[in-house]
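# Next input, structure requested:
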Amino acid sequence: DVMACRQTGFALLASASVQESMDMAAIAHLSAIKSSVPFIHFFDGFRTSHEIQKIEEISYEEMKSLVNWEKVEDFRKRALNPEHPVQRGTAQNPDIYFQNREAANPYYLATPGIVAEIMNKVGKLTGRFYKPFEYVGAPDAERIIICMGSGAETVEETVNHLLKKGEKVGLIKVRLYRPFSADHFFAVLPKTVQKIAVLDRTKEPGSKGEPLYQDVCTAFMEKQQNPLIVGGRYGLGSKEFTPSMVKAVFDNLLLAEPKNLFTVGINDDVTNSSLEIKENIDAAPEGLHRCKFFGLGSDGTVGANKNSIKIIGDNTDMYAQGYFVYDSKKSGGITISHLRFGKSPIQSPYLIDQADFIACHNPSYVTRYDVLEGIKEGGSFLLNSPWTAEEMEEKLPAVMKQTIAKKKLKFYNIDAVKIAGEVGLGGRINMIMQASFFKIANVIPVDKAFSYIKEAIKNTYGRKGDKIVNMNIKAVDRAAEALEEIKYPESWAITTTGMEIVEEKVPEYVENIVRPILSLEGDKLPVSAFTPDGTVPVGTTQYEKRGVAIKIPKWNPADCIQCNQCAFVCPHACIRPYIAKEEALADAPDSFTTKAAIGKELAGYQFRMQVSALDCTGCGNCVDICPAKGQPITMVSLEEIVNEEVKNYKFAESLPKPEVEISPETVKGSQFRQPLFEFSGACAGCGETPYVKLVTQLFGDRMIVANATGCSSIYGGSAPTCPYTVNENGHGPAWANSLFEDNAEFGFGMNLAVLQRRNKLADLINQALELGINGELKIAFAEWLQSKDEAEASRKAGDKIKTLIDSAIAQAGGDLKSILSEIAGMKDLYTKKSIWIFGGDGWAYDIGYGGLDHVLASGENVNVLVLDTEVYSNTGGQSSKSTPTAAVAKFASAGKRVKKKDLGAIAMTYGYVYVA
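Predicted coordinates for the structure are as follows:
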């Protein structure tokens, strides 16, 4: 957060929009050169940084005319150079440090004036004028809001809406936050202001108000004008900030005693800080087209919509805006694209809640989400599905059919998956759906739109060859032919029949927290729904049942050699081997076929390889890895076998645990162990998760995991569901994520904590032995002390202690009773813990390497799993020190020039680090 940089001495310059980010970038550089003060130019992450807007560029030639080249030369002369050497960064003692620190004051005092001057120069060049503080609103405003960042755009849009209704409201946009110039602030403040709300997009626990609020209050301390000032928080973590919320802030200022230190946009039913939103308002200008697209991560929907914005923006005089919402699934999760087009500048940095057009690119969404929420009367709805008009009657839920009919929607359907498969695009339906959108929306003439799409295809895919280009062009042409308008009966308006989802009984957390979030209703959850420390239960991905695969594996027992390699490589633990005796299969579904298990120790058992159909992502790794002849596994349509495979999986999970012990020291044997990492949000075909899964199969019931930020922390720890789960005893991996850069130290600290506590346990057991404990418990204590650092032996000894200690406590007295009670209270430490440190190559090779080296050098018994993809996978494929020579990646587009760092060899130089 930029607020953590306030004390650095950098000037802080804020942008509120994409256009401002262009302009302020130039202003920041020019101001830094002239003022000799370093600048941080900041804007809202994701809300502004990932928004696409049509903007006016400042060319390099235009920028060049603004540069003070004498100041640039002065700056260069201050560079360290042996031709004219100086020394900087000295260690100063208390006698002089303070004075030297204050010597820079004149530069900071001059900075606001310099910034104002540069803003004026840029304005004369571009026609877009800015000020360190900018006021918009009624000249005689009585209530104003002060804020910065993208929230200011929403407030300005709302102010303009309220001014038309005669309300005396206004906004001060903070552009230059540091140095904070009271003179420039009061120069724009209307004299009529009676009440002020200062909005901060940050939280400083324990403070008497957030930073901007405190700055404004401090500024007024020196003035005779004393309006009532309140502060509030909004938009944390990219939480929505809408005109309706702005109206609630202004309404709060109407009260005789406005709520101070409030929150807006949430329901705080714990400390009651939140403002009630009493009115939903639409502040958007007339003539604005608003479109929403529900897609599946990696299906190309987002990319196609980015192209649509560019097509409309580049080929019309309309303004265009695009913003894209993702869940935390690496791919295969839901994406929602929000597109706006209009004749007026768009100041709406919030999600669309009233849409003219909605497209649903995945048919499974119609029963999982309220995709038509907010669609306007007479709007258009486009669905991608394989269903005929007749099948819609039973496939669509009743509430969707009611909305379609009551709002008189134009309803269209296209089987994009079928077309994509026929033209060779697999699951990439983006061009088909984009073509359908342009044909329906009629934002620009259809023939021109198709021409622009085909040109974009050539530009986007040209380097991949004519074959790919022609497939996409063919898909566009096929879309135009296949798009069908669905004529529905008026009776849909009152229908009560349709597709229903029968939800099974689930734990309270899943029912009250997980399901609302997965249904895109998370914004409605109150503060009381959450734990103060962010702790969440494990084993909850099993309740998602996303059903995102187009095809899933079907097992053919006749050709299977029972090697279990398919289960071994499955990234999501969706396909698993099961063994059971004949008597346990008496109630099996008819489609639950088995074959005699191979292996002496498995005599008398039947074997089946079973897939969890609704958790599978359809990657096909299982088919690719299978070494057997014939077709032990084939990929078939999910719809074709989903019903029977759901029943089969449910039955397989109900089978009793085999009585036979199978060694986990082979690929085959390891896969008979329960994976304690399942159904994660990783990409289909992920190469990292099979290793994570395998580690949990071998050590999971005694694992503690420190996870570096990166892919593994996203697919492994994204709220609300957790892929780490537990065995029949309720034991499983305990997992935590700290930061990117300190993960090795984080895990090392966990290890030291466990060592300290287990050493304390050993001391207590020794004390109990010294006090004369005897009998079987004495033997169990001695066994534990002998084996406490061995996994299975410590578990067995600990289990003995658990069965004996309660009766021993009941019979003991004095100090012995107290010591035994403390030993009993530490029963979760009897079994030796397996400490693991997970992270990617960006962490291990680069950012966290210093800490990792320290931990490796310590000689402590910790395990490190480096998920080495040879790029920064989570942030988009940038090169790391793990990237091999000549490999092409971001920041190495011409091929990496230096060799890959040999992390394993470096670790081995210690002589006591085992590397595999």
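# Tell me where the stretch 551-700 of the chain has helices.
565-569, 621-625, 638-654, 667-670, 689-699 (DSSP state H, counting those that start in this stretch).
# I should have written the stretch 251-400 of the chain there, sorry.
Under DSSP H, counting those that start in this stretch, the stretch 251-400 of the chain gives helices at 301-315, 392-395, 398-406.
# Mind putting those into a markdown table with mean pLDDT and mean neighbour count?
All C-beta atoms are positioned from the backbone trio N, CA, C, and that covers glycine. As requested, those are arranged in a markdown table below (pLDDT from 0 to 100; neighbours: other C-beta atoms under 10 Å):
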| stretch | mean pLDDT | mean neighbour count |
| --- | --- | --- |
| helix 301-315 | 91 | 20 |
| helix 392-395 | 92 | 17 |
| helix 398-406 | 96 | 19 |
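# so how far is stretch 579-587 off the chain centroid?
42 Å (C-alpha atoms, centre = their mean, to the nearest Å).
# One more: stretch 570-590?
The answer for stretch 570-590 is 34 Å, by C-alpha atoms, centre = their mean.
# May I see the buried residues of that stretch?
Of all the residues in stretch 570-590, those buried under the rule 16 or more other C-beta atoms under 10 Å are 570-580, 584, 588.
# wait, which of the helices of the stretch 251-400 of the chain is closest to V695?
Closest to V695 of the helices of the stretch 251-400 of the chain is helix 301-315 (C-beta to C-beta; 32.9 Å).
# Against which helices or strands is that closest one packed?
strand 52-53, strand 289-296, strand 319-326, strand 334-342, helix 430-441, helix 446-461 (3 or more C-beta pairs under 8 Å, 6 or more residues apart in numbering; DSSP states H and E).
# want to throw these into CSV with mean pLDDT, mean neighbour count and distance to K64?
Below are the helices and strands packed on helix 301-315 laid out as CSV (pLDDT from 0 to 100; neighbours: other C-beta atoms under 10 Å; distance: least, C-beta to C-beta, whole Å):
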stretch, mean pLDDT, mean neighbour count, distance to K64
strand 52-53, 94, 19, 25
strand 289-296, 94, 24, 38
strand 319-326, 94, 21, 28
strand 334-342, 94, 23, 34
helix 430-441, 93, 25, 39
helix 446-461, 91, 16, 29
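# how about TSV for the ones you listed, with distance to E659 added?
Below are these laid out as TSV (distance: least, C-beta to C-beta, whole Å):
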stretch	distance to E659
strand 52-53	60
strand 289-296	43
strand 319-326	46
strand 334-342	43
helix 430-441	52
helix 446-461	57
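# Of the ones you listed, give the one that comes closest to V174.
Nearest of the helices and strands packed on helix 301-315 (C-beta to C-beta): strand 52-53, 21.0 Å.
# Tell me the helix or strand right after that closest one.
helix 60-64 (DSSP states H and E).
# contacts for whichever helix or strand comes after that next one?
For helix 60-64, the following helix or strand on the C-terminal side (DSSP H and E) is helix 69-77. Residues from elsewhere that reach helix 69-77 (C-beta atoms under 8 Å, 6 or more residues apart in numbering): I33, K34, S36, H84.
# gap between the second one and M400?
According to C-beta to C-beta, to the nearest Å, K34 and M400 sit 60 Å apart.
# what's the answer for the third one, then?
When C-beta to C-beta is the yardstick, S36 and M400 sit 62 Å from each other.
# hang on, the earlier thing: and the helices and strands packed on helix 301-315: which comes nearest G716?
Judging the helices and strands packed on helix 301-315 by C-beta to C-beta, what sits closest to G716 is strand 319-326, at 17.1 Å.
# by contact count, what packs against that closest one?
Counting by 3+ C-beta pairs under 8 Å, 6+ apart, strand 319-326 packs on strand 52-53, helix 301-315, strand 334-342.
# residue ranges with poor pLDDT in the stretch 501-650 of the chain?
502 (pLDDT under 70).
# Show me where it has its strands.
551-555, 575-581, 595-596, 605-611, 633-637 (DSSP state E, counting those that start in this stretch).
# closest to E783 out of those?
strand 575-581 (32.6 Å).
# for Y845, phi and psi?
phi -90, psi -30 (degrees, to the nearest 10).
# who's in contact with the residue nearest to it when sequence neighbours are not counted?
Closest residue in space to Y845, ignoring its immediate chain neighbours: K881 at 4.1 Å, by C-beta to C-beta, 6 or more residues apart in numbering. Neighbouring residues of K881 by C-beta under 8 Å, 6+ apart: D841, Y845, D846, Y849, K900, K901.
# Among the residues you listed, which pair sits farthest apart?
Farthest pair in those, by C-beta to C-beta: Y849 and K900, 13.7 Å.
# got the end-to-end distance for stretch 598-611?
Stretch 598-611 stretches 20 Å from its first residue to its last (C-alpha to C-alpha, to the nearest Å).
# just stretch 520-538 next, same as before
Chord length of stretch 520-538, first to last residue, is 21 Å (C-alpha to C-alpha).
# distance of the residue nearest to D868 when sequence neighbours are not counted from K899?
Leaving aside its sequence neighbours, D868 sits nearest to D841 (C-beta to C-beta, 6+ apart; 4.5 Å). With distances taken as C-beta to C-beta, D841 is found 14 Å from K899.
# This completes my enquiry, with thanks.
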